[in-house]
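>>> just to be clear, the model below is a prediction. Sequence and coordinates:
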Amino acid sequence: MNFNGTLIDRPPSGMSLQPDQLTLGSLTRENFFMPTSALLVSRDAYDASGGFDSNVEFGEDWDLCLKLAAISTFTCVPEPLINYRVYDRGMLKPRDQVRQMLQDHLRILDNFFGRKDIASSRIASGKPLAQSHRYAFAAVHHFAYGDLRRKNSIFQSI
């Protein structure tokens with residue numbers, strides 16, 4: 001729903017993926033579980049994952065989902081069960097927060113791909129692609145703010 005409470009006909013991020021595309025590899029590139037109020041997780045799985053990382057300001061939901069997906073299987077119910085209020089640019093309203101978001105996302109990926117069970121698996125080869133998706137995501141946010149200098153600096157840092 002929009003900020004006024006009117007239902008909008010737009011699927012949440014990632015909901016364009018088909019159930020067979022909801023893989024750990026695709027989750028490293030896109031946070032398709034949004035918001036966390038839509039997750040149903042057993043207490044045992046939550047505890048085994050390590051739970052939320054309180055040091056992450058942007059992407060703590062994505063971090064949790066990566067950790068859960070690494071230790072268990074997941075699926076999506078193909079119908080909306082909650083309403084989620086969408087605001088214009090959400091938490092990233094101040095453009096300076098985009099850099100913090102990128103830093104948090106890259107730290108999440110470093111932690112995830114640094115896990116022993118992931119580092120020794122075939123999914124480890126996906127780290128550069130996952131990182132490039134995060135850089136592109138941040139550059140698009142800078143572009144949306146009209147901050148082409150920062151967008152260009154992100155692409156130059158790749």
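Here it is on my side, so go on.
>>> quick one: least confident helix or strand in this structure?
Sorting the helices and strands of the chain by mean pLDDT, DSSP states H and E puts helix 148-156 at the bottom, at a mean of 56.
>>> what is the neighbour count of L64?
22 (other Cβ atoms under 10 Å). Bear in mind the C-beta positions are built from the backbone N, C-alpha and C, glycine included.
>>> in contact with it: list those residues for me.
Neighbouring residues of L64 by Cβ atoms under 8 Å, 6 or more residues apart in numbering: 36, 49, 51-53.
>>> out of those residues, list just those in helices.
S49 (DSSP state H).
>>> in CSV: the contacts of L64, plus distance to D104 and pLDDT.
Output for the contacts of L64, formatted as CSV (distance: Cβ to Cβ, whole Å; pLDDT from 0 to 100):
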residue, distance to D104, pLDDT
T36, 15, 74
S49, 18, 93
G51, 16, 94
F52, 13, 93
D53, 9, 93
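>>> buried ones among the contacts of L64?
49, 53 (16 or more other Cβ atoms under 10 Å).
>>> going by distance to N4, which of the contacts of L64 wins?
T36 (23.4 Å; Cβ to Cβ).
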